[in-house]
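1. Okay, sequence plus prediction incoming.
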Amino acid sequence: MPTASTSSINLANALCVFRLCMALLLPVLAWQGQQMAFLYCLAAALFSDAIDGFIARKLQQTSQLGTKLDSWADLTLFITTPLGAWLLWPHVIAQERVYVAMILLALIVPIAFGLVKYGRITSYHTYMAKTSGVLMGFSSLLLLFNITPWPFRFAAVFMVAEALEEIAITATLPQWTSNVPTLKHARRLVKKERIERQQ
């Protein structure tokens, strides 16, 4: 029997699959004009994103599969959310088009850079990325509920800073590596590998 840390069937992975399903459901709801259902599903997806990493560590359910599932779920959510928002709230997206463009570039450029260098999507799960996900998620809800746009704008700027760190990590690491929390950690890994080769 596989242990909790190696089994592909566990709570942490189930939350990632749930988030992926919610992300795929969002454009369907948007196409049907279901604004409130869209917002509730988005909120549920964001909540799962906020707790899955904690659960994986607390229950010792971290795994390479979980890392990949988390990355794919996050990527899908970041793609389908603005698409659905554009279908349901085109005036809001038009009003915030500069910040939406910043977000899309901050999402696409680090991924493209990682694909060019490693031939696969990076999966660093940096501290800034985790913070950015929380900021972007809940500020998006504030924006779409027509409460205030300013947290969304701040989150967009923060996401650009996070993207720059991911690009720097990719430029630093010679081979694909998962779960690198900061650029400082990446530099330590490179230094450690250099020392080990010299011994």
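-> Happy to help now that I have it. Bear in mind the structure is a predicted one, so any value in this text is a computation, not a measurement.
2. CA only for contacts and neighbour counts going forward, please
-> Fine.
3. Report pLDDT for the residue nearest to the spatial centre of the chain.
-> Central residue of the chain (CA atoms, centre = their mean): D74, 3.9 Å from the mean position. D74 is assigned 85 on the pLDDT scale.
4. Show me the shaky parts of the protein.
-> In the predicted model, the chain carries pLDDT under 70 at residues 1-8.
5. for H125, phi and psi?
-> phi 50, psi 50 (degrees, to the nearest 10).
6. Verify the contact between it and P181 for me.
-> Yes. Using CA atoms under 8 Å, H125 is in contact with P181, at 6.1 Å.
7. Near the residue lying closest to N179 once chain neighbours are set aside, how many other residues are there?
-> Once flanking residues are discounted, N179 sits nearest to Y124: 4.3 Å by CA to CA, 6 or more residues apart in numbering. By other CA atoms under 10 Å, 20 other residues sit near Y124.
8. I figured Y124 hits P181, correct?
-> Yes. Using CA under 8 Å, Y124 is in contact with P181, at 6.4 Å.
9. who are the neighbours in contact with L20?
-> The contact partners of L20, taken as CA atoms under 8 Å, 6 or more residues apart in numbering, are W72, A73, D74, T76, L77.
10. I should have written F158 there, sorry.
-> S132.
11. Downstream of the host helix or strand of it, the next helix or strand is which one?
-> Assigned by DSSP states H and E, F158 falls within helix 150-172. Counting by DSSP H and E, the next helix or strand C-terminal to helix 150-172 is helix 183-198.
12. what comes up buried for that next one?
-> L183, A186, L189 (16 or more other CA atoms under 10 Å).
13. and the angle from it to helix 150-172?
-> Orientation check (axes from the mean of the first three to the mean of the last three CA atoms, to 10 degrees): helix 183-198 against helix 150-172 gives 10 degrees.
14. what's helix 183-198 packed up against?
-> Identification of packing neighbours for helix 183-198 by 3 or more CA pairs under 8 Å, 6 or more residues apart in numbering; DSSP states H and E yields helix 150-172.
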